[in-house]
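using only what follows, build the 3D model:
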Amino acid sequence: MDNSLILVIVSIGLALFFDFLNGFHDAANSIAAMVSTRVMKPHWAVLWAAFFNFVAFLFFGVHVATTIGVGLVNPDVITTQVIFSALLGAIFWNIFTWYFGLPSSSSHALIGGLLGAGIAHAGTEPLIWLGIIKVLAAIVLSPLLGMIMGMALMVVTARLFFYSTPQRVEGWFRKLQFLSSAFISLGHGSNDAQKTMGIIAILLYSANLIGDQFYIPFWVVIVCNFVIALGTCFGGWRIVKTMGMKITKLKPVSGFCSDTASALTLALATMLGIPVSTTHTVTGAIIGVGSLNGFSAVRWGVAKNIVWAWVLTIPASGCVAAAVWYIAGFITSSSTAPLYHAL
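So this is what the prediction gives:
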């Protein structure tokens, strides 16, 4: 088998490992409210979320995957080495933030890795600034929109059920949380799995394995949704604890409102082809519903640490990806090993 083809296969495997980590890292987004309000036990909650992660491809197109594949860096300059370096940068940041229980964005780690490796390879000229501006704007707008929608839903819900007893309201919303959790799992599976789809598709395109026209092969769609669902099954419990318990105290009503606000924001972004962060959106919604109970109801110290992780994600993963690209280039130039020459 040709060495270049081996490297493509290895890079696809690495992309799927990132997809698995994405589901593992971001399981908290889908189940934090369900677990913290004790509506569902953790092991059942992850299976519930994983199922809707997998079937998400039935409800949305592949607009986000196209943005990742051809909307950030000119596909003509992308090589296997660029993709390989981008994935390592993203994986490093995912593992680092998971270890410290920080709900950072897997999506932005991948984007940062792609930009870092792309700049190391060809400078800033191939960057597609319109796509990058959309991503940067979404870093601010998605949690803000999630927060505003979460607050609005809480206010509307409070007015609608003002004359109902707390016990009756809690009983209703414990059941409704099943729907809101399914909805947010669909949003997570659609937006986040598509990032890996875009990476694999551009890898195949750059290796001339899918012809002259860029598109997302159907088998890539199925595999990526399956792998992210598998990652969700294993769940990142450190981050579940941060999202569901440390930011603010959630009840079934507030859990339903935060999940629904997050899911609506994700659905809007996915239909517009904008690769937003599920983590950012969910965190914003949780802060929004929590803040209605008073400023002190939100643990702002935890929120500050989360924001710092958001700010650092793209540059940190980009720097790691650039370093990997330079190291690979050094090995290529100094080694006679065929595998490295194929890079």
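
from here on, just use CA atoms for contacts and neighbour counts.
Fine.

which stretch of helix or strand covers the closest residue to residue 276 other than its chain neighbours?
Leaving aside its chain neighbours, residue 276 sits nearest to residue 138 (5.9 Å; criterion: CA to CA, 6 or more residues apart in numbering). If you go by DSSP states H and E, residue 138 is part of helix 129-160.

pLDDT (mean, whole number) over the helix or strand following that helix?
Next along the chain after helix 129-160, taking DSSP H and E as the criterion, comes helix 166-206. Average pLDDT, helix 166-206: 85.

ranges for the helices of the stretch 1-150 of the chain?
Shown for the stretch 1-150 of the chain, the helices assigned by DSSP state H, counting those that start in this stretch span residues 3-36, 42-54, 63-70, 80-99, 106-122, 129-160.

packed most tightly, which of those helices would that be?
Mean neighbour count (mean count of other CA atoms under 10 Å) peaks for helix 106-122 among the helices of the stretch 1-150 of the chain, with a mean of 27.

who are the packing partners of that helix?
Contacts defined by 3 or more CA pairs under 8 Å, 6 or more residues apart in numbering; DSSP states H and E place helix 106-122 against helix 3-36, helix 80-99, helix 166-206, helix 300-334.

again, only using 6 Å
Contact analysis of helix 106-122 by 3 or more CA pairs under 6 Å, 6 or more residues apart in numbering; DSSP states H and E lists helix 80-99, helix 300-334 as its packing neighbours.

picking that back up, want to throw the helices of the stretch 1-150 of the chain into CSV with distance to residue 188?
Formatted as CSV, the helices of the stretch 1-150 of the chain follow (distance: least, CA to CA, whole Å):
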stretch, distance to residue 188
helix 3-36, 8
helix 42-54, 7
helix 63-70, 12
helix 80-99, 16
helix 106-122, 11
helix 129-160, 13
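
got those helices as CSV, with mean pLDDT and distance to residue 327 columns?
As requested, the helices of the stretch 1-150 of the chain are exported to CSV (pLDDT from 0 to 100; distance: least, CA to CA, whole Å):
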stretch, mean pLDDT, distance to residue 327
helix 3-36, 80, 16
helix 42-54, 80, 36
helix 63-70, 85, 24
helix 80-99, 86, 10
helix 106-122, 90, 11
helix 129-160, 88, 26
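
closest one to residue 175 among the ones you listed?
Set against residue 175 and scored by CA to CA, the helices of the stretch 1-150 of the chain come closest in helix 3-36, at 10.4 Å.

so what's the gap between that closest one and the chain middle?
Distance, stretch centre to chain centre, for helix 3-36: 10 Å (CA atoms, centre = their mean, to the nearest Å).

now for it, which elements pack on it?
Other elements packing on helix 3-36 under the criterion 3+ CA pairs under 6 Å, 6+ apart are helix 166-206, helix 218-234, helix 237-241, helix 338-342.

in TSV: these, plus distance to residue 52 and mean neighbour count.
Formatted as TSV, the helices and strands packed on helix 3-36 follow (distance: least, CA to CA, whole Å; neighbours: other CA atoms under 10 Å):
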stretch	distance to residue 52	mean neighbour count
helix 166-206	5	24
helix 218-234	8	22
helix 237-241	18	21
helix 338-342	39	15
